[in-house]
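Colleague: Have a look at this fold, sequence not included:
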């Protein structure tokens, strides 16, 4: 039970706290929306930092700090807090702070530690006197469960590791494309891209200049996802099989996922694991933001579900722990994660399989359909023709006039059979 004195202690810490320096993210939660703001994402991606970014923005917009409450429910004084205790937070706030008339902003970090938290949040939301912003650890509370608990009262924002643009900003490197294109700064940007495709972009990893330290951090993240988010969360006993499954997913990013092939591989190693269990492992991996899947573009959802999916990893650095990085597949993975960052609620992303057997890596199905192919290096005429011909065939089939090929550093434009093909370096596309 958390009493008034416990909350007074925590709020006193908040009152005396100097807001930490944060690297501004390219996510701007709408704090004016009449919804509970939910911040989700893979661990160590910066959910708490985003909360502090929001708080700083409120203060910048002249919201008094007395009208802003931040509580981390992992504080030892708040262990075993229940929903019936939460009104003590409001009492303690009124005793310590002097809020002005208007909205009170409640930032509730690691809300899953409060038993029946959703009942109290719903009650408070209905008063219309508060703006409520919450995060929940995937080890105890999935984003899907938050959405269910709040039943349409929420607006969710997914936090991924740094985008390439955020990585450059974190290092004080310009993100203005025109300043990069024709200057020595381009070499600095490409060097950063090489690291982005090798070690990923978890914030703490990006800010470390020591290679061994980067790998230590990534290893600790993998262990936390494995033990805390998956084993503890799902009470799994097949620890060896799950560990191997995660390593398979981490090593085979940007490729087709086949439960049959994985099942056969397990059998060859002496693991008695069913295909159903393997498919469950995949769902678990998605639920904690370790992996993402991409379905084939088909009009029929039933047929789409029956086709092979492609799997991607949330951060390429996690792959570095188990395999040498393939720059071509790493670039495709980076493009997919960037597309997820930019995705609107009405957008859908698929891969496209053509009648000829050729494939387009991504098709964005939204108000305006877009075709995106990824090719690390157009090293010879055959490679260029293969990648271009798939786009042209797809554009003609879908009655589109253009397509994009994202490369490591090749740029240009071609018109083939009335189809405009734009070649864009990843760094330039990522900064657009």
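Modeller: In hand now; what should we look at? Bear in mind the structure is a predicted one, so any value in this text is a computation, not a measurement.

Colleague: buried ones in stretch 165-178?
Modeller: For stretch 165-178, burial by neighbour count (16 or more other CB atoms under 10 Å) applies to 165-170, 175. Glycine gets a C-beta too; all of them are placed from N, C-alpha and C.

Colleague: measure it end to end?
Modeller: Across stretch 165-178, the terminal residues are separated by 14 Å (CA to CA, to the nearest Å).

Colleague: hey, what's the nearest residue to residue 129 once chain neighbours are set aside bridged with?
Modeller: Nearest residue to residue 129, sequence neighbours excluded (CB to CB, 6 or more residues apart in numbering): residue 104, at 6.4 Å. With DSSP bridges as the criterion, residue 104 is bridged to residue 130.

Colleague: contacting residues around residue 104?
Modeller: Going by CB atoms under 8 Å, 6 or more residues apart in numbering, residue 104 touches 67-69, 93, 129-131.

Colleague: Local confidence estimate at it?
Modeller: Listed pLDDT for residue 104 reads 97.

Colleague: And for residue 10?
Modeller: Reported pLDDT for residue 10: 97.

Colleague: Likewise for the one 4 residues further on?
Modeller: Looking at residue 14, its pLDDT is 97.

Colleague: hang on, isn't it packed against residue 66?
Modeller: No - the pair residue 14 / residue 66 is not scored as a contact, 10.9 Å apart, by CB atoms under 8 Å.

Colleague: what number of residues lie near residue 68?
Modeller: Counted with other CB atoms under 10 Å, residues neighbouring residue 68 total 20.

Colleague: How about it: what's its closest non-neighbour residue?
Modeller: Among residues not flanking residue 68 along the chain, residue 105 sits closest, at 4.8 Å (CB to CB, 6+ apart).

Colleague: check contacts around residue 203.
Modeller: 23, 44-46, 49, 161-162, 170.

Colleague: Just the pLDDT for it.
Modeller: pLDDT, read off for residue 203, is 97.

Colleague: that older thread, any idea which of the buried residues of stretch 165-178 is the one closest to residue 359?
Modeller: The nearest member of the buried residues of stretch 165-178 to residue 359, counting by CB to CB, is residue 165 at 28.0 Å.

Colleague: Following element in sequence after the helix or strand bottoming out on mean pLDDT in the chain, please.
Modeller: In the chain, the helix or strand scored least confidently by mean pLDDT, DSSP states H and E is helix 301-306, which has a mean of 67. Next in sequence after helix 301-306, counting helices and strands by DSSP states H and E, comes strand 309-313.

Colleague: Next, find the distance separating the residue nearest to residue 129 from residue 372.
Modeller: Counting by CB to CB, to the nearest Å, the gap from residue 104 to residue 372 is 44 Å.

Colleague: Also residue 125?
Modeller: Distance from residue 125 to residue 372, by CB to CB: 39 Å.

Colleague: Looking at these two, which has the bigger crowd around it?
Modeller: residue 372 (22 against 18).

Colleague: just for this protein, where's the confidence low?
Modeller: Applying pLDDT under 70 to the chain flags the ranges 139-140, 302-306.

Colleague: got the buried residues for stretch 287-300?
Modeller: Buried, per 16+ other CB under 10 Å, within stretch 287-300: 287-292, 294-297.

Colleague: Kindly reformat those residues as TSV containing secondary structure.
Modeller: Shown next, in TSV, are these (DSSP: H, G, I helix; E, B strand; the rest coil):
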residue	secondary structure
287	helix
288	coil
289	coil
290	coil
291	strand
292	strand
294	strand
295	coil
296	strand
297	coil
